[in-house]
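> Here is the input, now give the coordinates:
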Amino acid sequence: MKASDLHKDDYHPFYHPYIMELGDVDLIEILKKQLINFPQFIASIPDEKWHSSYGEGKWTIAEVLVHILDAERVFQYRALRFSRNDNTDLPGFDQDAYVHFSGASKRTKDDVTEEYEAVRASTIALYSKFSNEILKRRGKANNSLMSLAALGFIICGHQRHHRNVIRSRYLAI
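You can find the predicted model right below:
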């Protein structure tokens with residue numbers, strides 16, 4: 001499925017920039033492409049910047065990367081539930097509380113990379129089994145309807161968004 005196959009009612013407008021940032025890509029292809037190039041991006045981050053932030057009260061690079069892992073897991077769980085026609089209205093999650101309790105300050109680049117590769121491989125395994133019909137299924141999370149396909153593109157767009165923030169705000173200083 002391609003991003004252009006999504007409809008505006010497949011996701012909350014908040015996620016529109018994440019999806020648009022990807023262009024008209026195939027979902028499985030972008031999931032696999034990011035599995036290759038995101039670990040390379042992590043490896044390119046200078047060690048001295050790993051636990052730094054670009055401003056008071058902002059997350060460190062390590063915290064941002066662990067946030068990407070947490071969000072992918074949450075979105076992956078939602079996709080599993082929706083794919084099984086679970087109509088339970090799923091709650092949102094407090095990303096700031098997750099980061100606070102993530103232990104990111106003790107994490108290394110190798111550790112985060114290893115976990116990223118496992119999480120993304122799991123996402124690919126899950127999504128590669130979904131037919132186009134299943135990808136169109138919707139569920140409700142955080143008081144908003146979203147399709148399985150949209151969740152997959154949001155996973156990729158969310159990662160790209162934060163990669164761009166790291167590049168522009170953390171590594172440019």
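
> Return the set of buried residues in the helix ranked longest in the chain.
Using DSSP state H, we find that the single longest helix of the chain is helix 61-83. Neighbour-count burial for helix 61-83 flags 61-76, 78-79, 81-83 (criterion: 16 or more other C-beta atoms under 10 Å). Using the backbone N, CA and C atoms, a C-beta is placed for each residue, glycine as well.

> What are the boundaries of the strands in the chain?
All strands of the chain, identified by DSSP state E, fall at 138-141, 144-147.

> tell me which residues in the first one are buried?
Taking 16+ other C-beta under 10 Å as the basis for neighbour counts, the residues of strand 138-141 that come out buried are 138-139, 141.

> what's the closest of the residues you listed to residue 12?
Closest approach between the buried residues of strand 138-141 and residue 12, by C-beta to C-beta: residue 141, at 9.3 Å.

> Any stretches of the chain with poor pLDDT?
Residue ranges of the chain with pLDDT under 70: 173.

> could you pull out the helices for this structure?
Going by DSSP H, the chain shows helices at 16-20, 27-44, 61-83, 95-100, 109-127, 132-135, 148-165.

> okay, these, which one's buried deepest?
Mean neighbour count (mean count of other C-beta atoms under 10 Å) peaks for helix 148-165 among the helices of the chain, with a mean of 22.

> Report the angle between that one and helix 27-44.
20 degrees (axes from the mean of the first three to the mean of the last three C-alpha atoms, to 10 degrees).

> I'd like to know which elements helix 148-165 is packed against.
helix 16-20, helix 27-44, helix 61-83, helix 109-127, helix 132-135 (3 or more C-beta pairs under 8 Å, 6 or more residues apart in numbering; DSSP states H and E).

> mind checking how far stretch 44-60 is from the chain centre?
Centre-to-centre, stretch 44-60 and its host chain are 19 Å apart (C-alpha atoms, centre = their mean, to the nearest Å).

> Noted, bye for now.
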